[in-house]
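J.: next come a sequence and a model predicted from it.
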Amino acid sequence: MLCRNCNHSKPNRPRGLCWTCYYTPGVRDRFPSTSKFARRGVGDFNGKAKLPASPTQAMPGSAEKVAILEERARLKVSLWHPLDAPFDAAGRRLSIAS
Ligand SMILES: [Zn+2]
């Protein structure tokens, strides 16, 4: 295995970089940590979260809904809103009507 940046030297610094690349300004930022202990993505937490500001009409499973879930996780609000569009909106209308 060689340095992920220069593909020349043996990596002896974290992130699979050689000493020279690791300490060259800017290089480290281009290579994310390879450690399994590193923080990646949005932080996790336990407990009650505030409700999102507004429900969404995006269908469950759609790319739009996934983007909304990502945004909610980033804002540390609850992923689910009780008035989010249900999987079968027609079924809910029927059950409310009856
Ligand atoms: Zn290197």
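T.: Noted; the coordinates are in hand.

J.: list the contacts of residue 32.
T.: 15, 38, 40 (C-beta atoms under 8 Å, 6 or more residues apart in numbering). In short, each C-beta sits where N, CA and C put it, glycine included.

J.: of those, buried ones?
T.: residue 15 (16 or more other C-beta atoms under 10 Å).

J.: pick the one among the contacts of residue 32 closest to the ion.
T.: Checking the contacts of residue 32 against the ion by C-beta to the ion gives residue 15 as the nearest, at 10.4 Å.

J.: surely that closest one forms part of a strand?
T.: No. Secondary structure of residue 15 (DSSP: H, G, I helix; E, B strand; the rest coil): helix, not part of a strand.

J.: that one touches residue 27, doesn't it?
T.: No. Counting by C-beta atoms under 8 Å, residue 15 stays clear of residue 27, with 9.2 Å between them.

J.: tell me how far residue 77 lies from the ion.
T.: 42 Å (C-beta to the ion, to the nearest Å).

J.: what's across from that residue in the sheet?
T.: Beta-bridge pairing for residue 77 (DSSP bridges): residue 50.

J.: does it touch residue 51 like I think?
T.: Yes. At 6.7 Å, residue 77 counts as touching residue 51 under the criterion of C-beta under 8 Å.

J.: where are the low-confidence patches of this protein?
T.: 89-98 (pLDDT under 70).

J.: which bits of it sit near the ion?
T.: By the rule C-beta under 5 Å from the ion, the part of the chain lying against the ion is 3, 5-6, 18, 21.

J.: burial count for the closest residue in space to residue 35 that isn't next to it in sequence?
T.: Nearest residue to residue 35, sequence neighbours excluded (C-beta to C-beta, 6 or more residues apart in numbering): residue 14, at 6.9 Å. Counted with other C-beta atoms under 10 Å, the neighbours of residue 14 add up to 13.
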